[in-house]
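A.B. asks: when you get a sec, could you give me coordinates for this:
(chains A and B)
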Amino acid sequence: MNNIFVYLEIEDGIVGDVSLELLTKGRSLAKQLNCKLEAVAAGFKLDTIGAQVFPYGVDVLHIADDKRMAPYTSLPHTSLLVNLFKEEKPQIALMGATSIGRDLGPRVSSALFSGLTADCTSLEIGTYEDKKAGKVYENLLYQIRPAFGGNIVATIVNPDCRPQMATVREGVMKKEIKDLKFVGKTRKLELSKYVPDTDFVVEVIERHMEKSKLNIKGSPIIVSGGYGVGSADNFKLLHELATTLGGEVGASRAAVDAGFAEHERQIGQTGTTVRPKLYIACGISGQIQHIAGMQESAMIIAINSDPKAPINAIADYVITGTVEEVLPKMIKYYKKNSK
Amino acid sequence: MSFNIVVLAKQVPDTRNVGKDAMKADGTVNRAALPAIYNPEDLNALEQALSLKSKIEGATVHILTMGPARAAEIIRESMYRGADGGYLLSGREFAGSDTLATSYALACAIRKMGKVDLIVCGRQAIDGDTAQVGPQVAEKLGFPQITYAEDILNLSDNKITVKRRLERGIEVVRGPLPMVVTVNGSAANCRPRHAKLTLKYKHAATPSEKQEAGSDYTDLYDAHPYLNITEWGVNDIEHDIQWLGLSGSPTKVKQIENVVFTAKESKRLTASDVEIEDLMKELIANHTIG
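C.D. replies: Numbering: from 1, shown residues only, chains lettered A, B, ... in the order given. Next up is the predicted model:
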């Protein structure tokens, strides 16, 4: 009772990174709160899920294995969580801020009348004082998220309603195995007890999922461009530098909106969070929402024609110049002098 | 046969132009201090609704928005683009609502509208980026939902077929009406319609707006009832007051902080050959690259 629950996203029998990251965070929150970490797997042919998630310290794994539960549709997965949560009364429930978690989370929160905070960038435990009511709440989940296009950071709490629900984007938390040998309990759920047949009303007729070709999150070097790069054509220079150095190309939201780069390259609060060895920011002014997604890079080089660009404040090296003049020089020197 | 489509839309502060007075001391948004725009993905939703209206005989499109008096602007804008009319849900009882209290109020208003076949709305609004209101309205009404829609492909035999755009692919799903569909920014843009519509609806107004203007055009509105934008207060919808506004909001804002990043001591370089080469030499030497 009153444990931490993580909803597992499963595609082709494989638990998604975002869920493993949440399990890692859930494990540390559970330790702080002295409670257990539980996970919910819903889908079809889930035999290997336990082996995938137990090393992350899952104490109890609830499994709803049924052909009709895959691929994901809103209503049956909602009913499963709602009814399981009514039974188990978790204090915290976490899910990925993905097209699944952001479809499921709000529906579950509405059914349970519990607060949900979307796209958290940090989760902490702390105290909350409601001065009006003269009440102090201990051990609440601080759901910390940017708001207003990233200009402010808000700490949200759910004082009275349970579970306290939050979604988190992929890459924001770090995944870390706790103990390779650890094995928790498995609990098979009888689906009909949780999900009425009437929930299976939406059918998936067609489905084309691609494994992401990009691996921005895992790339040690990222050459990233902003609106200041000027054109999709100039972005080719970034691709050339990235290929030369063995890295990936990223982009700011403004560059993606302008059509210079694909959406999946977006770095920042509404894109991917990255922590590469080297981050080369080209023509990026440094909106807060972008900086929040890359500030943990080990080394940052900012290339900008504006010597006062905000991104310069967090850069290790600031090159004042344009992408067209600087990048070819870097490419040329590296090709000549590497190996 | 009638086919009633409701578009949930929101007037949002343009978060691309946020100033210092954007937040109030209590941590809620000071909407008055910001330019207000039609939430972009709600326009994508409106486009889907209007395109269905042009294909289905007898279909109507009405906007429902919750907000202050000036939110009527987006209802008028919708009418310029081809909507039949709209409803403004307004009143101080709704102030301070989080997504759940908002969804409850919207669901109460939709119930009051009578037969609704389809509800469409933007996936999310740019002021909060939560993507919660669509699914929560669906849950409150007991309707199924299809989120992340890119295109409504078909509507027949009381079923709707929708193409969804997900992070790593697409999905085509089919479900029964009534349904809530939330529409992605990747869907078709809301193209401008005939200028005649702008002329036709130029004087469309809510009762509050007419009162505010102090204009005595009663005849105009009697002769052209389509110019009346419906305005509902809390007493016009069947509700339980404890689920509205702050008391209906399980989430509380504990704290708001401006974002400050720790500045580093940076080395300043020019774009000269020598300085770029020195930098590259250093990066290779300390194994950052290579």
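A.B. asks: going by C-alpha atoms from here, please, whenever you check contacts or count neighbours.
C.D. replies: Noted.
A.B. asks: looking at chain B, which helix or strand does the model trust least?
C.D. replies: helix B:218-223 (a mean of 83; mean pLDDT, DSSP states H and E).
A.B. asks: any idea how far that helix is from the chain center?
C.D. replies: 31 Å (Cα atoms, centre = their mean, to the nearest Å).
A.B. asks: please identify the buried residues of that helix?
C.D. replies: Buried positions in helix B:218-223, judged by neighbour count with 16 or more other Cα atoms under 10 Å in any protein chain shown: B:Y221.
A.B. asks: and what of stretch B:53-73?
C.D. replies: B:53, B:59-69, B:71-73.
A.B. asks: quick one: residues in contact with the helix or strand hosting B:P135.
C.D. replies: Assigned by DSSP states H and E, B:P135 falls within helix B:133-141. With Cα atoms under 8 Å, 6 or more residues apart in numbering or on different chains as the test, helix B:133-141 has contacts from A:103-104, A:106-107, A:109-111, B:99-100, B:102-104, B:106-107, B:111, B:121-124, B:144-145, B:147, B:179-182.
A.B. asks: where's the residue nearest to B:I63 when sequence neighbours are not counted relative to chain A, distance?
C.D. replies: Nearest residue to B:I63 in three dimensions, chain neighbours excluded: B:G86, at 4.3 Å (Cα to Cα, 6 or more residues apart in numbering or on different chains). To chain A, B:G86 is 26 Å away according to Cα to the nearest Cα, to the nearest Å.
A.B. asks: and B:G86, that's in a helix?
C.D. replies: No: read with DSSP: H, G, I helix; E, B strand; the rest coil, B:G86 is strand and lies in no helix.
A.B. asks: hmm, it is touching B:A71, no?
C.D. replies: No: B:G86 is beyond contact range of B:A71, at 11.0 Å (criterion: Cα atoms under 8 Å).
A.B. asks: overlap in contacts of the two?
C.D. replies: Counting by Cα under 8 Å, 6+ apart, the residues touching both B:G86 and B:A71 are B:T65.
A.B. asks: picking up where we left off before, alpha carbons only: can I get the helix holding B:P135 in CSV?
C.D. replies: C-alpha atoms of helix B:133-141 as CSV (Å, rounded to 0.1, in the frame of the first residue of the first chain):
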residue,chain,number,x,y,z
VAL,B,133,-7.7,18.8,-21.1
GLY,B,134,-8.7,16.8,-24.2
PRO,B,135,-8.4,13.4,-22.6
GLN,B,136,-9.9,14.7,-19.3
VAL,B,137,-13.0,16.1,-21.0
ALA,B,138,-13.4,12.8,-22.8
GLU,B,139,-13.2,10.9,-19.5
LYS,B,140,-15.7,13.3,-17.8
LEU,B,141,-18.2,12.7,-20.6
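A.B. asks: and the next helix or strand past it?
C.D. replies: Using DSSP H and E, the next helix or strand after helix B:133-141 towards the C-terminus is strand B:145-156.
A.B. asks: now the angle from the helix or strand just after that next one to strand B:145-156?
C.D. replies: Downstream of strand B:145-156, the first helix or strand assigned by DSSP H and E is strand B:159-166. Orientation check (axes from the mean of the first three to the mean of the last three Cα atoms, to 10 degrees): strand B:159-166 against strand B:145-156 gives 130 degrees.
A.B. asks: state the mean pLDDT of strand B:159-166.
C.D. replies: With pLDDT averaged residue by residue, strand B:159-166 scores 96.
A.B. asks: and the helix or strand just after it, which strands flank it?
C.D. replies: Remark: after strand B:159-166, the chain's next helix or strand is strand B:169-176, criterion DSSP H and E. Strand pairing for strand B:169-176, using DSSP bridges, gives strand A:203-209 (antiparallel), strand B:159-166 (antiparallel).
A.B. asks: tell me which of the ones you listed is the most buried.
C.D. replies: Burial of the strands paired with strand B:169-176 is given as mean neighbour count (mean count of other Cα atoms under 10 Å in any protein chain shown); strand B:159-166 ranks first at a mean of 21.
A.B. asks: what does that strand rub up against?
C.D. replies: Contacts for strand B:159-166 (Cα under 8 Å, 6+ apart): A:99, B:146-155, B:170-177, B:184, B:186.
A.B. asks: try 10 Å
C.D. replies: A:98-100, A:202-209, B:118, B:146-155, B:170-179, B:181-187 (Cα atoms under 10 Å, 6 or more residues apart in numbering or on different chains).
A.B. asks: would you mind checking the residues you listed for buried ones?
C.D. replies: Using 16+ other Cα under 10 Å, the buried ones in the contacts of strand B:159-166 are A:98-100, A:202-204, B:118, B:146-152, B:155, B:170-179, B:181-185, B:187.
A.B. asks: can you map out the helices along the stretch 151-290 of chain B?
C.D. replies: With helices called from DSSP state H, counting those that start in this stretch, the stretch 151-290 of chain B shows them at B:195-201, B:207-213, B:218-223, B:273-285.
A.B. asks: show me where pLDDT drops low in chain A?
C.D. replies: Applying pLDDT under 70 to chain A picks out residues A:149, A:212-213, A:339.
A.B. asks: pull the longest helix from it.
C.D. replies: helix A:17-33 (DSSP state H).
A.B. asks: strands paired with the helix or strand that comes right after that helix, and their directions?
C.D. replies: Per DSSP H and E, the first helix or strand lying C-terminal to helix A:17-33 is strand A:37-43. Strand A:37-43 has the following strand partners under DSSP bridges: strand A:4-7 (parallel), strand A:60-65 (parallel).
A.B. asks: among those, which comes closest to B:S247?
C.D. replies: Closest approach to B:S247 among the strands paired with strand A:37-43 (Cα to Cα): strand A:4-7, 25.9 Å.
A.B. asks: partner strands of the helix or strand that the closest one is followed by, parallel or antiparallel?
C.D. replies: Next in sequence after strand A:4-7, counting helices and strands by DSSP H and E, comes strand A:10-11. According to DSSP bridges, strand A:10-11 has the following sheet partners: strand A:14-15 (antiparallel).
A.B. asks: got the contact list for the partner strand?
C.D. replies: With Cα under 10 Å, 6+ apart, strand A:14-15 has contacts from A:L8, A:E9, A:A41, A:L46, A:T48, A:I49, A:G50, A:Q52, A:V53.
A.B. asks: which of the residues you listed ranks first by neighbour count?
C.D. replies: The residue in the contacts of strand A:14-15 with the most neighbours, by other Cα atoms under 10 Å in any protein chain shown, is A:L8 (27 neighbours).
A.B. asks: what sits against it?
C.D. replies: So A:L8 contacts A:14-20, A:22-23, A:39-43, A:49, A:53, A:61, A:94-96, A:101 (Cα under 10 Å, 6+ apart).
A.B. asks: and B:S266, by the same measure?
C.D. replies: A:I300, A:I301, A:A302, A:N312, A:A313, A:I314, A:A315, A:D316, A:Y317, A:V318, A:I319.
A.B. asks: and the residue nearest to B:I63, how close does it get to B:M1?
C.D. replies: According to Cα to Cα, to the nearest Å, B:G86 and B:M1 sit 21 Å apart.
A.B. asks: can you check B:E282 too?
C.D. replies: Separation of B:E282 from B:M1 (Cα to Cα): 74 Å.
A.B. asks: neighbour count for these two, which is higher?
C.D. replies: B:E282 (13 against 7).
A.B. asks: which strand residues bridge the residue lying closest to B:T161 once chain neighbours are set aside?
C.D. replies: Spatial nearest neighbour of B:T161, chain neighbours left out: B:R174 (4.3 Å); criterion: Cα to Cα, 6+ apart. Using DSSP bridges, the bridge partners assigned to B:R174 are A:E203, B:T161.
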